[in-house]
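1. Sequence first, then the predicted structure, then my questions.
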Amino acid sequence: MKPTLIAISIVVLVVLGLSIRSFLRERDARSSVQLTGAGFLLVVVLAHIAEAFHLFPAMGWGLPNSAGHYVDLVSAIAGTILLVAGYLARVQSKRRNSN
């Protein structure tokens with residue numbers, strides 16, 4: 001496995017852990033959106049691990065216009081949008097409550 005994939009995996013696992021902690025503390029829609037985004041990013045990591053180890057070859061990992069390509073692409077886009085949106089909504093909510 002490539003060192004870059006290992007580093008990104010560690011970052012995603014840390015973000016997932018923090019999102020789980022946030023969700024368990026707050027249990028609201030904002031933390032749920034953030035957790036869902038972190039889950040999608042975990043799917044991206046798992047897709048790259050499957051590609052590296054040649055798991056599920058029928059998915060066509062690494063090939064353009066394959067199912068594996070679109071699972072990776074959609075998960076990366078959805079994960080990034082949801083994670084950032086959930087985080088920003090939580091920050092904004094905390095800022096409003098502190099004023």
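-> Sure thing, it's come through. Numbers count the residues shown, from 1 in each chain.
2. and residue 18, what does it touch?
-> Counting by CB atoms under 8 Å, 6 or more residues apart in numbering, residue 18 touches no other residue. Heads up, the C-betas are built off the backbone N, CA and C, glycines and all.
3. quick one: it and residue 94, what's the gap?
-> With distances taken as CB to CB, to the nearest Å, residue 18 is found 15 Å from residue 94.
4. Repeat that for residue 20.
-> Residue 20 is 18 Å from residue 94, by CB to CB.
5. So for these two, which sits in the more crowded spot?
-> residue 20 (15 against 11; other CB atoms under 10 Å).
6. Pretty sure that one sits against residue 35.
-> Yes - Residue 20 is within contact range of residue 35, at 6.4 Å (criterion: CB atoms under 8 Å).
7. Work out for me the element the residue positioned nearest the centre of the chain sits within.
-> Nearest to the geometric centre of the chain sits residue 41, at 1.9 Å (CA atoms, centre = their mean). According to DSSP states H and E, residue 41 maps onto helix 29-52.
8. Looking at that helix now, give me its mean pLDDT.
-> For helix 29-52, mean pLDDT rounds to 96.
9. which is the next helix or strand following it?
-> Next in sequence after helix 29-52, counting helices and strands by DSSP H and E, comes helix 67-98.
10. elements contacting that following helix?
-> Helices and strands touching helix 67-98, by 3 or more CB pairs under 8 Å, 6 or more residues apart in numbering; DSSP states H and E, are helix 3-26, helix 29-52.
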